[in-house]
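*Asks:* next come a sequence and a model predicted from it.
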Amino acid sequence: MGASVSLARLRGETVDARLWVPVDEVESQALTQLRNIASLPWVAHVAVMPDVHFGKGATVGSVIGMRGAVSPAAVGVDIGCGMGAVRTSLTAADLPESLRGIRSDLESAIPVGFAAHDEPVRPDDPRLRSDVSSLLEGFDALDPAVKDLRGRAGKQLGTLGGGNHFIELCVDGEQRVWLMLHSGSRNIGKTLAEVHMARARKLKHNRALADPELAVFLAGTEEMAAYRRDLEWAQAYAMLNRRLMFDLYADVIRHHFPEVGFDAPVLCHHNYVAEETHHGEQLLVTRKGAISAKAGQLGVIPGSMGTRSYVVRGLGNAESLHSASHGAGRKMSRGEARRQFSVKDLAEQTTGVECRKDGGVLDEIPGAYKPIEQVMEYQKDLVEIVAELKQVLCVKG
């Protein structure tokens, strides 16, 4: 257990931000963003996770508790993005020497990048099928700006996306095999987020902000009600997207291992809003690149496509607003990664992993990310490790 609840403080005009990482390890652009966040008039608490880095609008790895206000940028454009992990009955010894066939089947079953299914997925599980129907029935209540995206939204349910999203097959310290994936609310979530971020920037009460990207909606207004409606739908879309992908993933694994069994999934958002009570006060909490880590709550913290990932149990640290990091966090931009590394470097850093090793995923090279072991060390007082996973297969968009 860590001796201190946080490693540093950063002064803002309204509150001090608590950091679970030394200040000198945070790039200056992110520190400026964090000071601006901690100077918002509505802010009550800011907790900064050890995977923190500069982000569009608001800092990735930030947890912000506000009184009667929410900044859409503090959620991000991939509303509901998050993780899932499922332990199987398989052991490493059950896996074939080459995993290329499994990877090929996964890439056929689950569209990646900008792709979608030809028709909306109709899962065999009646509960999943009902959840898909209910979600899509709610589409017509969303902002009119997205009305033309209904068909695409339906066909992108059960798809991975691109960037840092992935599907992995992993082995834990006991040689048990796990399924793991990372994805969000696809194009519909991004479009909804951008609609509301643009709307917030135009509101009168945001005109004096040091950073207009941090524009907020205020409780009790029509704009806030509309954002919360669309946000909650997109969060549900993202969670259902992960459940559908696990359903498709399980079918692929059953094809190769007919007797396989699956435990209940561990599922968590890491870009979202929740109404929570902290320090005796009801707050609207945004986590952008952070997971909820209430006492006993399970979560998933991934590394990169060549490093370890972790299933964790929250310790309920009040100072972090019961939160922990969402992953390793980038230490350089995508452009910088492409400049600094070669395809040869990518192949070396993903040795032993069945995955793409081409220029199309070079910006996701493990060297572009912070060391996950150091990130976990900094948050010993936020989570405890339940399982340490190492991928043997990785699908990227």
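*Replies:* Sure thing, it's come through. None of these values were measured; they are calculated from a predicted model.
*Asks:* got the residue ranges for the helices in the protein?
*Replies:* 28-37, 100-109, 126-137, 150-156, 186-201, 222-256, 334-340, 343-349, 372-378 (DSSP state H).
*Asks:* packed most tightly, which of the ones you listed would that be?
*Replies:* Burial of those is given as mean neighbour count (mean count of other CB atoms under 10 Å); helix 186-201 ranks first at a mean of 21. All C-beta spots, glycine's among them, are computed from the backbone N, C-alpha and C.
*Asks:* by contact count, what packs against that one?
*Replies:* Helices and strands touching helix 186-201, by 3 or more CB pairs under 8 Å, 6 or more residues apart in numbering; DSSP states H and E, are helix 150-156, helix 222-256.
*Asks:* any chance of those in CSV, plus mean pLDDT and distance to Leu362?
*Replies:* Below are the helices and strands packed on helix 186-201 laid out as CSV (pLDDT from 0 to 100; distance: least, CB to CB, whole Å):
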stretch, mean pLDDT, distance to Leu362
helix 150-156, 98, 25
helix 222-256, 98, 24
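*Asks:* who wins for proximity to Gly397 among the helices of the chain?
*Replies:* Of all those, it is helix 100-109 that lies closest to Gly397, at 9.9 Å by CB to CB.
*Asks:* now the closest one against helix 222-256, angle please.
*Replies:* Computed by axes from the mean of the first three to the mean of the last three CA atoms, to 10 degrees, the angle separating helix 100-109 from helix 222-256 equals 140 degrees.
*Asks:* now what about stretch 102-116, what contacts it?
*Replies:* 96, 117, 152, 155-156, 158-162, 167, 169, 245, 248-249, 251-253, 255-256, 354-355, 393, 395-397 (CB atoms under 8 Å, 6 or more residues apart in numbering).
*Asks:* please disregard the earlier target; I meant stretch 226-239.
*Replies:* Contacts of stretch 226-239 (CB under 8 Å, 6+ apart): 70, 72, 75, 78-82, 135, 138-139, 141-143, 153, 157, 183-186, 188-189, 192-193, 195-196, 199-200, 217, 267, 269, 272-273.
*Asks:* kindly recompute the last result at 7 Å.
*Replies:* Stretch 226-239 is contacted by residues 70, 72, 75, 79-82, 135, 138, 141-143, 184-185, 188-189, 192, 196, 217, 267, 269, 272-273 when judged by CB atoms under 7 Å, 6 or more residues apart in numbering.
*Asks:* got a list of what the nearest residue to Trp178 once chain neighbours are set aside touches?
*Replies:* Leaving out its chain neighbours, the residue that sits closest to Trp178 by CB to CB, 6 or more residues apart in numbering is Cys170, at 4.5 Å. Contact partners of Cys170, counting by CB under 7 Å, 6+ apart, are 178, 180, 309, 389-392.
*Asks:* now swap in Pro302 and tell me
*Replies:* By CB under 7 Å, 6+ apart, the neighbours of Pro302 are 83, 182, 309, 327.
*Asks:* Arg9: which of the contacts of Cys170 is nearest?
*Replies:* Using CB to CB, these come closest to Arg9 at Ser309, 29.6 Å.
*Asks:* for the closest one, name its beta-bridge partners.
*Replies:* Leu389 (DSSP bridges).
*Asks:* and it, how many residues sit next to it?
*Replies:* 26 (other CB atoms under 10 Å).
*Asks:* how about Asn317?
*Replies:* Other residues within reach of Asn317 by the criterion other CB under 10 Å amount to 22.
*Asks:* centroid residue for the protein?
*Replies:* In the chain, the centroid-proximal residue (CA atoms, centre = their mean) is Gly82; its distance is 3.4 Å.
*Asks:* residue contacts, that one?
*Replies:* So Gly82 contacts 184, 238, 242, 268-270 (CB under 7 Å, 6+ apart).
*Asks:* rerun that using 8 Å as the cut-off
*Replies:* Here Gly82 is in contact with 182-184, 238-239, 242, 267-272, 291, 326 (CB under 8 Å, 6+ apart).
*Asks:* same check, this time on Gly61
*Replies:* 48-53, 288-290, 325-326, 329.
*Asks:* let's have the helices and strands packed on helix 186-201 in CSV, adding distance to Gly101.
*Replies:* Putting these into CSV (distance: least, CB to CB, whole Å) gives the following:
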stretch, distance to Gly101
helix 150-156, 26
helix 222-256, 7
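*Asks:* where does the stretch 1-150 of the chain dip in pLDDT?
*Replies:* 1-6 (pLDDT under 70).
*Asks:* ok so, going back, the residue nearest to Trp178 pairs with what?
*Replies:* Trp178, Gln391.
*Asks:* distance of the residue nearest to the centre of the chain relative to Ala238?
*Replies:* 6 Å (CB to CB, to the nearest Å).
*Asks:* ditto for Ala93
*Replies:* Taking CB to CB, one finds Ala93 at 35 Å from Ala238.
*Asks:* now Leu142
*Replies:* 14 Å.
*Asks:* just Val311 next, same as before
*Replies:* 19 Å.
*Asks:* give me the neighbour count for Gly158.
*Replies:* Neighbourhood size, Gly158 [other CB under 10 Å]: 28.
*Asks:* now for it: which residues touch it?
*Replies:* Residues counted as contacts of Gly158 (CB under 8 Å, 6+ apart) are 110, 117, 121, 241, 244-245, 247-248.
*Asks:* out of the residues you listed, which comes closest to Asp345?
*Replies:* For these, the nearest to Asp345 is Ile110 (27.4 Å; CB to CB).
*Asks:* so what's the residue count around that closest one?
*Replies:* When neighbours are counted by other CB under 10 Å, Ile110 comes out with 24.
*Asks:* going forward, begin numbering at 19 instead of 1
*Replies:* Okay, residue one is now 19; in that scheme the one you just asked about reads as Ile128.
*Asks:* now the phi/psi pair for it, please.
*Replies:* Backbone torsions of Ile128, given as degrees, to the nearest 10, read phi -120, psi 110.
*Asks:* for the closest residue to Ser338 other than its chain neighbours, give its distance to Gly83.
*Replies:* Among residues not flanking Ser338 along the chain, Ala65 sits closest, at 4.5 Å (CB to CB, 6+ apart). Here Ala65 is placed at a distance of 8 Å from Gly83 (CB to CB).
*Asks:* what do the two both touch?
*Replies:* Joint contacts of Ala65 and Gly83 (CB under 8 Å, 6+ apart) are Leu339.
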